[in-house]
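> Sharing a sequence plus its predicted fold:
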Amino acid sequence: MATHPPRGAAPTIPLVPANLTAQYKDAELRFREAASHDDKREALREMIALLPKHKGTEKLHADLKKRLAKLEEEGEHVRQSGVHRTDPAHVRREGAGQWVLLGPPNAGKSSLLAALTHAHPEIGEYPFTTRAPLPGMMAFEDVQVQLVDTPPVAPGHTEPYLPNLAQGADGVVVVLDPTADDVEAAFAAVLEVLSRGHVWPRGRAPPPGASPLLVHRPVLVVATRRDLDEDGTFAALAREAVGADPPFFAVSATRGDGLDALRPELFRALGRMRVYTKEPGKKPDLGKPFVLPAGATVHDLALVVHHEVAAHLKFARIWGHARFEGQQVDRHHVLADRDVVELHE
């Protein structure tokens, strides 16, 4: 006789005769224990990615996809209903790229945001002054880069949406107070948040058995209060605490020390380039460049300008990184930062 789970019980995932990996079982456990909609959805996505693909798992795979579709439909309904008008785990990306600032209480994240952008965060000498993500735009030469201040990372007080916020960003700035007693522990706490968001520092080899959902992001470390560390002793100790891997910057948000070195890195590490366009016989428009991923081609630029331009593109002329000024190239030509491009249909 068939049995049914008690009314109101959490849905179960049907068992199948499959060699499921330990990673899959961990993801399934997280799904069963997840309390929030987002956590359930993330666990389901990981289960689908980790599920072995063979005939014995076809039914389970279909069931997982059905459950995921239902969760996403419910999430969309909630967003459209206006019950939750803001999602703290999502900050609309603007400019050339988005950096999320993460760090312990009173590390100086808000002061750093205020020093680099026109944002006006609430700044206090008491912990947990920042209660919600706050974006600001940093000007660098002829582009804008978005920085997002966040509530602090602290044991028992870390906002549950921070892992998803970090995963959705283009990069992470870890802000630390080098004069604090627990720099190493503070850095480890931020790395734990990144781990929960499946974010791995770009350039590091992923750990054995890493999740297939792992994303590689640039991770920079910024040590604040350089004005209180004239001989660099605290910065050196903080550098030792975080290790040699992440790029490290010692700055003073109040005095401005080190900010001129940090700004270009916040653009360079995004892996973006600026490309300018011109019409035949006219001067190039150098006021507002197109920002493209490094390695983009003439065709990629044409698609950004307009899909009709890309469809009818015959060739382009390049000024900048070319063998000679005005060199004619085809749509597959790889562009470089600050190239000027003349598209011909």
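In hand now; what should we look at?

> Next up, the contacts around the residue lying closest to P284 once chain neighbours are set aside.
Closest residue in space to P284, ignoring its immediate chain neighbours: K278 at 3.8 Å, by C-beta to C-beta, 6 or more residues apart in numbering. In short, each C-beta sits where N, CA and C put it, glycine included. Contacts here follow C-beta atoms under 8 Å, 6 or more residues apart in numbering; on that basis K278 touches P284, D285, W319, V340, V341, E342.

> in the lengthiest strand in the chain, what counts as buried?
Across the chain, the longest stretch assigned as strand under DSSP state E is strand 285-293. Within strand 285-293, the residues scored as buried using 16 or more other C-beta atoms under 10 Å are P289, F290, V291, L292.

> For that strand, C-alpha coordinates in PDB please.
What follows is strand 285-293, C-alpha atoms only, in PDB (Å, rounded to 0.1, in the frame of the first residue of the first chain):
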ATOM      1  CA  ASP A 285      34.000  60.300 -30.100                       C
ATOM      2  CA  LEU A 286      36.400  60.200 -27.200                       C
ATOM      3  CA  GLY A 287      33.900  61.300 -24.600                       C
ATOM      4  CA  LYS A 288      32.200  58.000 -23.800                       C
ATOM      5  CA  PRO A 289      33.900  54.800 -24.800                       C
ATOM      6  CA  PHE A 290      32.300  51.400 -25.300                       C
ATOM      7  CA  VAL A 291      33.500  49.100 -22.500                       C
ATOM      8  CA  LEU A 292      34.100  45.500 -23.600                       C
ATOM      9  CA  PRO A 293      35.600  42.400 -22.200                       C
END
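
> circling back to that earlier point, V153: which of the buried residues of strand 285-293 is nearest?
Set against V153, the nearest of the buried residues of strand 285-293 by C-beta to C-beta is V291 (29.7 Å).

> My understanding was that the closest one contacts G271; is that so?
No. With contact defined as C-beta atoms under 8 Å, V291 does not count as touching G271 (10.8 Å).

> For V341, see how far away the residue nearest to P284 is.
Distance from K278 to V341, counting by C-beta to C-beta, to the nearest Å: 7 Å.

> shared neighbours of these two, anything?
Residues touching both K278 and V341 (C-beta under 8 Å, 6+ apart): W319.

> circling back to that earlier point, for the buried residues of strand 285-293, which one is nearest E94?
Checking these against E94 with C-beta to C-beta, the nearest one is V291 at 11.2 Å.

> Could I get the contacting residues of the residue nearest to that closest one when sequence neighbours are not counted?
Distances taken as C-beta to C-beta, 6+ apart put A96 closest to V291, at 4.5 Å, once the chain neighbours are dropped. Contacts here follow C-beta under 8 Å, 6+ apart; on that basis A96 touches F140, V143, Q144, V145, F267, L270, R272, V291.
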